[in-house]
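*Asks:* Below is the structure, and that's it, no one-letter string:
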């Protein structure tokens, strides 16, 4: 059996191929890549600081940044090419991305616990984080919706905000001030995203939120490099 090649067939095949390789949300993909690159740089920089100072807070938050870097690569792939995925694979892929977002936040939060409380408190916090991630993971695997991720992130960021306030006013760790600024920037960006505010047709609410993530993430990094483990702060 032979298939006759005509100009019409060629145009049909070309359209099919172009649809397959077309990027669905190019601006979102670009901002995801930028976030990934900056997060990786921050993570590697913090790991270098850890290798010198041997403060566990830097190790934990370095891991958080590196996880977030990988997460944004996955998010960029999803936003750009999810129209090529089957429904099952789309849910699985997006679910994995959301779980990694939660994991990054938990590592950051545990790092902050190391900076604010004795190691005994950290051990309890670690088990609480494992339990929270297990419950969160089950919820996401069953319902991979961004709103579930948003609720989880808001709770953890609120805890992180309280820890930073405590660190700044009680321990007088001035790195916490930059962390507070970064978290406030995140909250503003999240509010605008939740409201669906889009400055332009080709720069939607996700893209705008990514700008807030980049800015807030930089303030977080500038604050974290000034943190130390609690034992160092207390002189023990």
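*Replies:* That came through fine. Please read all numbers here as calculations on a predicted model, not as lab measurements.
*Asks:* Tell me the pLDDT of residue 230.
*Replies:* Looking at residue 230, its pLDDT reads 83.
*Asks:* ok, how many other residues are close to it?
*Replies:* 22 (other CB atoms under 10 Å). For glycine as for every other residue, the C-beta is placed from the backbone atoms N, C-alpha and C.
*Asks:* ok, it - contacts?
*Replies:* 114, 115, 116, 117, 118, 119 (CB atoms under 8 Å, 6 or more residues apart in numbering).
*Asks:* ok, it to residue 163 distance?
*Replies:* 12 Å (CB to CB, to the nearest Å).
*Asks:* what do the two both touch?
*Replies:* residue 116.
*Asks:* just checking, next helix/strand downstream of the one helix or strand residue 80 maps to?
*Replies:* Using DSSP states H and E, residue 80 maps to helix 56-81. Heading C-terminal from helix 56-81, the first helix or strand you meet, by DSSP H and E, is helix 87-116.
*Asks:* returning to that earlier point: report the mean per-residue pLDDT for the helix holding residue 80.
*Replies:* 93.
*Asks:* That one: how far from the chain's middle?
*Replies:* When distances are taken as CA atoms, centre = their mean, to the nearest Å, helix 56-81 is centred 6 Å away from the chain's centroid.
*Asks:* Quick one: list the elements packing against it.
*Replies:* If you count contacts as 3 or more CB pairs under 8 Å, 6 or more residues apart in numbering; DSSP states H and E, helix 56-81 packs onto helix 26-53, helix 87-116, helix 205-224.
*Asks:* Could you name the helices and strands sitting against the second one?
*Replies:* Going back to what we said before, that points to helix 87-116. Against helix 87-116 (3+ CB pairs under 8 Å, 6+ apart) you get helix 56-81, helix 119-142, helix 146-169, helix 230-234.
*Asks:* repeat for the first one
*Replies:* The helices and strands touching helix 26-53, judged by 3+ CB pairs under 8 Å, 6+ apart, are helix 56-81, helix 205-224.
*Asks:* rewinding a little: let me have the helices and strands packed on helix 56-81 in a markdown table, adding distance to residue 132 as columns.
*Replies:* Shown next, in a markdown table, are the helices and strands packed on helix 56-81 (distance: least, CB to CB, whole Å):
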| stretch | distance to residue 132 |
| --- | --- |
| helix 26-53 | 22 |
| helix 87-116 | 7 |
| helix 205-224 | 20 |
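*Asks:* Mind putting those into CSV with mean neighbour count and mean pLDDT?
*Replies:* CSV is the format used below for the helices and strands packed on helix 56-81 (neighbours: other CB atoms under 10 Å; pLDDT from 0 to 100):
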stretch, mean neighbour count, mean pLDDT
helix 26-53, 18, 92
helix 87-116, 20, 92
helix 205-224, 20, 90
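*Asks:* closest one to residue 73 among these?
*Replies:* helix 26-53 (5.1 Å; CB to CB).
*Asks:* Please state the offset of the closest one from the chain centre?
*Replies:* Relative to the centre of its chain, helix 26-53 is centred 11 Å away, using CA atoms, centre = their mean.
*Asks:* what about residue 183, helix or strand, and which?
*Replies:* Going by DSSP H and E, residue 183 is in helix 175-194.
*Asks:* Next, the angle from that helix to helix 87-116.
*Replies:* Relative orientation of helix 175-194 and helix 87-116, computed by axes from the mean of the first three to the mean of the last three CA atoms, to 10 degrees: 150 degrees.
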